[in-house]
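Novice: Return atomic coordinates for the entry below.
(4 chains)
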Protein chains: 4
Amino acid sequence: MCRLAAYLGPSLCLKNFLQDPPHNLINQSWAPREMHEAVLNADGFGFGWYTNEGKIATYKSTHPIWSDTNINGLSESLDSQCWLANVRSATPGQATDIVNTQPFTDDKIIFMHNGFITHFNPDIKTRFHEHLSPAVQANINGCTDSEYIFALVRQHYHSSGTTYDKSLNRALTDFPSLLAEGAALLNIVMTDGQTLYVVRHAINDQCPSLYYTKEEESFPNAYLVASERMTESDCWQAVPEHCLLILSAQNDPVYISL
Amino acid sequence: MCRLAAYLGPSLCLKNFLQDPPHNLINQSWAPREMHEAVLNADGFGFGWYTNEGKIATYKSTHPIWSDTNINGLSESLDSQCWLANVRSATPGQATDIVNTQPFTDDKIIFMHNGFITHFNPDIKTRFHEHLSPAVQANINGCTDSEYIFALVRQHYHSSGTTYDKSLNRALTDFPSLLAEGAALLNIVMTDGQTLYVVRHAINDQCPSLYYTKEEESFPNAYLVASERMTESDCWQAVPEHCLLILSAQNDPVYISL
Amino acid sequence: MCRLAAYLGPSLCLKNFLQDPPHNLINQSWAPREMHEAVLNADGFGFGWYTNEGKIATYKSTHPIWSDTNINGLSESLDSQCWLANVRSATPGQATDIVNTQPFTDDKIIFMHNGFITHFNPDIKTRFHEHLSPAVQANINGCTDSEYIFALVRQHYHSSGTTYDKSLNRALTDFPSLLAEGAALLNIVMTDGQTLYVVRHAINDQCPSLYYTKEEESFPNAYLVASERMTESDCWQAVPEHCLLILSAQNDPVYISL
Amino acid sequence: MCRLAAYLGPSLCLKNFLQDPPHNLINQSWAPREMHEAVLNADGFGFGWYTNEGKIATYKSTHPIWSDTNINGLSESLDSQCWLANVRSATPGQATDIVNTQPFTDDKIIFMHNGFITHFNPDIKTRFHEHLSPAVQANINGCTDSEYIFALVRQHYHSSGTTYDKSLNRALTDFPSLLAEGAALLNIVMTDGQTLYVVRHAINDQCPSLYYTKEEESFPNAYLVASERMTESDCWQAVPEHCLLILSAQNDPVYISL
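Specialist: Okay, the predicted model is just below:
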């Protein structure tokens, strides 16, 4: 399990998103309130953003976020219209490598998964290898269930030349057969920099917590998404369970049942 | 705050000490039961031992102990008659460097401190620099209160050519004037490989928890010391508060009031 | 490229193998003499051994070997009849993760590859995914060419229930079709703890250097294998090019042409 | 030894300074041309800058700069009018901790030292502890000669309320008595964000290389300082030996003999 957060709106200093909110992601790393499967998120962290030229950039560390001495300087110096951030609680005994630290990216997308697939290794992981094309598999660099979920989304996107939301939807549709009797927690936040694709979902288990808002006064005209409400405001709404929520500046939120 | 543990007895495989007990130090790192000043110990860890030739050796990491992939192999391969181990909860915002990771050592001694000095930096740290000799200061490599406490013990040992227990006692006697109005939690375990010097102490605050036993069946003829009882056996005794306890194979425990 | 070394013989302290030889692996990490494809090996290191109970153990780090502060203590405390060690020069821009640090292991084997596959990612990596069974792929954790070569060896071993040397030989036989026009440097040292399987090989390129000896006076009755001669003795022999060399205590060396 | 570089001029993207020049600091880390005391700089790196609000920020890592996966994203996203950067070659056997990674900072100054003090530990380090005030010592966090040199500069600045250049000059004047018969390489670059204070100096040894220019076409109206010329242009000048050079936008360069 992990805790994640995202921002989409006017250009914002990282500090305002990552450090200023009272229950920010740093607090959620060592004092999560709504996390049932682990007690802390100390196995690394990462955040992703888009540069002024629209390129994807990431910062990742294998250490707990609270002991990172680069954060203060970076968070006052980096601005973006879109932020995704994640603190990790790894499977015990697994090295906390950069390659397994979210968010994951390809040329255009930043992707984060919060949850896990039970008995992923080796049974369900083997089924993913049967299901994914060799070319998609060749782009997998680590060994986490999260990266395989991202690979599945990319397989649908590249094979069908379709939209991101449909690729995400189809990937989730594949899950019951991949899992067989198994269970999965499947909260996802994915973006192309213009739109946030937000999934709150679980199969044979409870959906993890996930909230969003566009009404937080300290973030005007912006969408926020987070595993736990980052502020005390009552503007935060739970993302509906088993739902793909699509958020963009131009349109009203779109809710797609899964 | 940290959690610490020590072993003195017949040659023992590290695994038996570090991994086998039901409430071992790895569990204490993420689920401590009696730690009031922090919620977890994820800011690195270390252990020290004596080689067959009587040399001191240490293993230290800046990552949480539960994600260390070297531990399993090492713990089955390393044997010693004396083990000291420590999981760290660092002061927030401080990089989790090796140089600040306990245990600390000099030629003959392995030293660990569990606790902290309030307002150490810069006021009380400055007083330590006034109090310590330049030669002792030149052997300080990091910046933690724990390392300065160790330096104070070494100053007394080298200046007076006295015993370790007296050096420890005199170092603790210096504390009220170094602290002025301040407070300190001062649990210490120190060894020369033959004797464990165990301190449970605090000034202007509550003593942290500390236990010991020589009656644990799974560790025959051995002393165990730990911040929290490592087994369910009722053989564990609290180290008396404000006490220096001296444990060695040859003698009965010695209790010195502080 | 990397530098590697192995030992098989009477139980030996790690220090004698890793630190004592005049041109040991630590020197080879920052001052290699016969490495043409890179100038240094600073991207992590690792070593593997067998415990007294015959279990495999490894120690890996992502930092340069010369700045590792655990090495001195460990090298005086660890003994084994079989040592494999490796210093890494990673592909530029790739994070130096534990998961990508050699040696690699499965239940019985320790494996190291010195070399690389040109244009591995994505073209030849994709061909490996076409060629490997889903179950074998599910045991791949990182993204290096070396780990995929190890996977190919395991595929042959598990599918045919054959010997290690035949599995290695068959894996190398697969290479021309996997590479197509491409090139690969394929020095390998693999062991089950009783036998060293040593490959010096390249396809469409020059074989990297590789030496062995059983006559080094400071290592009586033992085999040594290394990318560069570790001592000044003239007992070291070049492993023949395009050869699988099999070394064990009981038998004379066996040379198999590739 | 290390390699260092600095920039002062119009606001510049980090990429233009750190990655674009043909012989940039990343190349100097693994292929230095004018470094006599070591062969590479793989023991961490760091850079410092000023935020838009004039605050000091730093990014530091203990890994080699060429394997850092955060650099690409950060270098395209960070802008500053003043950059200082450093790649480190540590004393062998010393852990490559963040606390010992340059640049060092206080509230207003960013400081880097390229060189070393022979026999620093423990003899000359002890003399520094005799010479420095307790308050200045309390701000030392690591154990490198470079940090002690910075402490000496700060002692002069705070005790005399004088200018930075005079503090630097007086610190260097203290050196002969601190070193006694010893030697030191003392290249320094220090800044308050408006002015670069550049020292090329050595005592009882040769000055390390150091260059500067204001005529590099790809960096208009800016000063560059670097251990090795970063571009092929012949506009680079050697900083005179035993000289403190003061560079600022408003004034002509000032040369002060040491």
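
Novice: what does chain A put close to chain C?
Specialist: Of all the residues in chain A, those in contact range of chain C (Cβ under 8 Å from any Cβ of the partner chain) are A:95, A:97-100, A:121-122, A:125-130, A:134-135, A:137-143. In this view, the C-beta of every residue, glycine as well, is placed from N, C-alpha and C.

Novice: make it 6 Å
Specialist: Proximity of chain A to chain C (Cβ under 6 Å from any Cβ of the partner chain) is limited to residues A:95, A:97-99, A:122, A:125-126, A:129-130, A:134-135, A:137-138, A:141, A:143.

Novice: Looking at those, which one is closest to chain B?
Specialist: A:Ala95 (4.6 Å; Cβ to the nearest Cβ).

Novice: wait, what's in contact with that closest one?
Specialist: Residues near A:Ala95 by Cβ atoms under 6 Å, 6 or more residues apart in numbering or on different chains: B:Thr69, C:Ile98, C:Val99.

Novice: Now the second one: closest residue in space that isn't a chain neighbour?
Specialist: Spelled out, that is C:Ile98. A:Ala95 (3.8 Å; Cβ to Cβ, 6 or more residues apart in numbering or on different chains).

Novice: Quick check: the gap between A:Leu78 and D:Leu78.
Specialist: A:Leu78 sits 7 Å away from D:Leu78, taking Cβ to Cβ, to the nearest Å as the criterion.

Novice: again, but for A:Arg88
Specialist: Separation of A:Arg88 from D:Leu78 (Cβ to Cβ): 24 Å.

Novice: more crowded one of the two?
Specialist: Taking A:Arg88 and D:Leu78 together and counting by other Cβ atoms under 10 Å in any protein chain shown, A:Arg88 has the greater number of neighbours (29 against 25).

Novice: picking that back up, which pair of the residues of chain A next to chain C spans the longest distance?
Specialist: Of all pairs drawn from the residues of chain A next to chain C, the one with the longest distance (Cβ to Cβ) is A:Ile98 and A:Glu130, at 27.9 Å.

Novice: between the two, which one's more packed in?
Specialist: Under the neighbour definition other Cβ under 10 Å, A:Ile98 and A:Glu130 were set side by side, and A:Ile98 has more, 26 against 12.

Novice: Show the contacting residues for the more buried one.
Specialist: A:Lys60, C:Ala95, C:Asp97, D:Thr69.

Novice: change it to 10 Å
Specialist: A:44, A:46, A:58, A:60-62, A:141-142, C:62, C:94-100, D:63, D:67-70 (Cβ atoms under 10 Å, 6 or more residues apart in numbering or on different chains).

Novice: swap in A:Leu14?
Specialist: Taking Cβ under 10 Å, 6+ apart as the contact definition, A:Leu14 lies against A:7, A:20, A:47, A:49, A:59, A:71, A:74-80, A:83, A:85, D:77.

Novice: Quick check: pLDDT value at A:Gly93.
Specialist: Turning to A:Gly93, the model gives it a pLDDT of 68.

Novice: Could you do the one 5 residues further on as well?
Specialist: In the predicted model, A:Ile98 carries a pLDDT score of 95.

Novice: that older thread, weed out the non-buried ones from the contacts of A:Leu14.
Specialist: When the contacts of A:Leu14 are checked for burial by 16 or more other Cβ atoms under 10 Å in any protein chain shown, the buried set is A:7, A:47, A:49, A:59, A:71, A:74-80, A:83, A:85, D:77.

Novice: Could I get the phi/psi values of the closest residue to chain C within the stretch 151-258 of chain A?
Specialist: Sorted by distance to chain C under Cβ to the nearest Cβ, the residues of the stretch 151-258 of chain A start with A:Ala151, at 11.4 Å. Geometry field for A:Ala151 lists phi and psi as phi -60, psi -40, criterion degrees, to the nearest 10.

Novice: residue ranges with poor pLDDT in chain A?
Specialist: Low-confidence regions of chain A, defined by pLDDT under 70, span residues A:1, A:36-39, A:92-93.

Novice: Grab the most central residue of it for me.
Specialist: Most central in chain A under Cα atoms, centre = their mean is A:Met112, positioned 2.4 Å from the mean C-alpha point.

Novice: do the helix or strand harbouring that residue and chain D meet at all?
Specialist: Here A:Met112 is covered by strand A:110-114, with elements defined by DSSP states H and E. No: for strand A:110-114 and chain D, the contact criterion (Cβ under 10 Å from any Cβ of the partner chain) is not met; the two come no nearer than 11.1 Å.

Novice: follow-up on the earlier one: please name the bridge partners of the residue nearest to the centre of chain A.
Specialist: Applying DSSP bridges to A:Met112 yields these beta-bridge partners: A:Val189.

Novice: what sits against it?
Specialist: Under the criterion of Cβ under 10 Å, 6+ apart, the contact partners of A:Met112 comprise A:2, A:4-6, A:46-48, A:84-86, A:102-104, A:146, A:150, A:187-191, A:225.

Novice: cool, and A:Phe17?
Specialist: A:Phe17 sits in contact with A:5-7, A:9, A:24-25, A:47, A:49, A:75, A:78, A:80, A:83-85, A:219, A:222, A:224, A:226, A:230, where contact means Cβ under 10 Å, 6+ apart.

Novice: With A:Thr58 instead?
Specialist: Remark: with contacts taken as Cβ under 10 Å, 6+ apart, A:Thr58 is in contact with A:46-49, A:84, A:98, A:101-105, A:110, D:69-70, D:72-74.

Novice: for the residue nearest to A:His156 when sequence neighbours are not counted, what are its contacts?
Specialist: Computed as Cβ to Cβ, 6+ apart, the closest residue to A:His156 that is not its neighbour in sequence is A:Ser167, at 4.0 Å. Residues in contact with A:Ser167, defined by Cβ under 10 Å, 6+ apart, are A:109, A:152-161, A:190, A:197.

Novice: gap between the residue of the stretch 1-150 of chain A found nearest chain B and A:Phe120?
Specialist: When distances are taken as Cβ to the nearest Cβ, the stretch 1-150 of chain A approaches chain B most closely through A:Ala42, which lies 3.9 Å from it. To A:Phe120, A:Ala42 is 21 Å away according to Cβ to Cβ.

Novice: higher neighbour count, the two?
Specialist: The residue with more neighbours, out of A:Ala42 and A:Phe120 and counting by other Cβ under 10 Å, is A:Ala42; that gives 29 against 22.

Novice: Where does the more buried one fall, secondary structure wise?
Specialist: For A:Ala42, no secondary-structure element claims it when assigned by DSSP H and E, so it is in no helix or strand.

Novice: does it really touch B:Ser67, like I thought?
Specialist: Yes: with contact defined as Cβ atoms under 10 Å, A:Ala42 reaches B:Ser67; the gap is 8.4 Å.
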